[in-house]
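Peer 1: Here is a sequence with its predicted model. Questions after.
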Amino acid sequence: ATPTSIMVGTGRAAELGVLFRKGDALQQLSGIDTVALDKTGTITEGRPEVTEVILAEGFARETVLSLAAAVEGASEHPIASAIIRAAKNVFTASEVEVVTGQGIRAQVEGRHVAVGSGRFMAETGVEVQALSEAEEAHMGRGETTIFVAVDGALAAMIAVADAVKPSSKQAIEALHARGLRVAMITGDKRATAEAIAAQIGIDDVIAEVMPDGKVNALNELRGEGAVAFVGDGINDAPALAQADVGIAIGTGTDVAIESADVVLMSGDLTGVVTAIDASRHTMRNIR
Ligand code: ADP
Ligand code: MG
């Protein structure tokens, strides 16, 4: 590629809201086989809402939400803000322990409260069996399920729904039309991830990935061809740096943007298609 054609291509892409931070990326993007997408905040809005609170026997809704919200005050996860918004009162927490990609424990009102995934409950020694039937139904709708335990006893299951961005499905169709495979990488449960993938036509789902496992998941995909990874969060930064091409959603966190080769000014996946078209157009003119 000549420096001039790269400059022209980069300039044209910028006019369309796609910033190529390195000329190399414009070239590399024309050679990718797979687009791997983060789920929360990339495919979905990243603003989950509580849809249902199912209580275990002996627990009251407002108390459980106030306890859970107190614990979530220490977390920056979108699930935390959903639970805090759903609570009428938020108690004060102390001795807080955040376990990234799993949940949080703390002392609240003299009680020990844990909030997080089923796996986190298992590690905390709390049996979630009693509410797992309700959990299946919510996961089948693409919702995320969180458990609350108080003094070692299961208190509730909270279901949260994070809407898919209106343009995600169409963008994935456009990627397919360009001969690309589309994968999703998420820390969420398999059943939840598969339900969302089915709604929008994702080919491959890599679920239940720990925050430090995103790079491994990405490298698995890279074994089968060149991969562009699209993400928005702090926990996406290593994968954005490791991918053949890292693409950050412009509305995402600063760390994600700094780690990416390409930044989309729009907050959605339409920009990925624009970026690929700009890249292919430039490379075609060169060959
Ligand atoms: P993703 O970014 O793909 O949603 P994460 O790795 O951030 O995945 O989280 C994985 C899972 O860990 C969540 O689906 C949830 O079950 C649990 N989790 C993480 N943080 C929290 C939190 N602050 N409160 C409750 N659950 C949490
Ligand atoms: Mg995200």
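Peer 2: Structure received. Residues are numbered from 1 along each chain as shown. Ligands and ions are numbered 1, 2, ... in the order given.
Peer 1: Name the nearest residue to residue 174, ignoring sequence neighbours.
Peer 2: Spatial nearest neighbour of residue 174, chain neighbours left out: residue 273 (4.5 Å); criterion: C-beta to C-beta, 6 or more residues apart in numbering. Heads up, the C-betas are built off the backbone N, CA and C, glycines and all.
Peer 1: Let me know the secondary structure of that neighbour.
Peer 2: At residue 273 the chain is in helix, as set by DSSP: H, G, I helix; E, B strand; the rest coil.
Peer 1: what residues are up against it?
Peer 2: The contact partners of residue 273, taken as C-beta atoms under 8 Å, 6 or more residues apart in numbering, are 171, 174-175, 178.
Peer 1: Out of those, which is nearest to residue 235?
Peer 2: Checking the contacts of residue 273 against residue 235 by C-beta to C-beta gives residue 171 as the nearest, at 22.0 Å.
Peer 1: what's around the nearest residue to that closest one once chain neighbours are set aside, how many residues?
Peer 2: Computed as C-beta to C-beta, 6+ apart, the closest residue to residue 171 that is not its neighbour in sequence is residue 269, at 3.6 Å. Residues lying near residue 269 (other C-beta atoms under 10 Å) number 27.
Peer 1: Which residue is the nearest non-sequential neighbour of residue 25?
Peer 2: Leaving aside its chain neighbours, residue 25 sits nearest to residue 261 (3.8 Å; criterion: C-beta to C-beta, 6+ apart).
Peer 1: list the contacts for that neighbour?
Peer 2: Shown in contact with residue 261 (C-beta under 8 Å, 6+ apart): 20-22, 24-25, 28, 240, 245-247.
Peer 1: Roughly how far does the spatially closest residue to residue 231 that is not a sequence neighbour sit from residue 215?
Peer 2: Spatial nearest neighbour of residue 231, excluding adjacent residues (C-beta to C-beta, 6+ apart): residue 38 at 3.8 Å. Separation of residue 38 from residue 215 (C-beta to C-beta, to the nearest Å): 12 Å.
Peer 1: now swap in residue 199 and tell me
Peer 2: To residue 215, residue 199 is 27 Å away according to C-beta to C-beta.
Peer 1: Please identify which of these two sits among more neighbours.
Peer 2: More crowded of residue 199 and residue 215, by other C-beta under 10 Å: residue 215, with 18 against 14.
Peer 1: chain center to stretch 206-221: distance?
Peer 2: Relative to its chain's centre, stretch 206-221 lies at 12 Å (C-alpha atoms, centre = their mean, to the nearest Å).
Peer 1: what's near enough to touch the closest residue to residue 178 other than its chain neighbours?
Peer 2: Once flanking residues are discounted, residue 178 sits nearest to residue 276: 6.3 Å by C-beta to C-beta, 6+ apart. Contact analysis of residue 276 by C-beta under 8 Å, 6+ apart lists 29-30, 32, 175, 178, 180, 228.
Peer 1: Narrow those to those that are buried.
Peer 2: Buried by 16 or more other C-beta atoms under 10 Å: 29-30, 32, 175, 180, 228, out of the contacts of residue 276.
Peer 1: Which members of those are positioned in helices?
Peer 2: Among the buried ones among the contacts of residue 276, DSSP state H puts 29, 175 in helices.
Peer 1: Relative to ligand 1, which of the buried ones among the contacts of residue 276 is nearest.
Peer 2: residue 228 (18.1 Å; C-beta to the nearest ligand atom).
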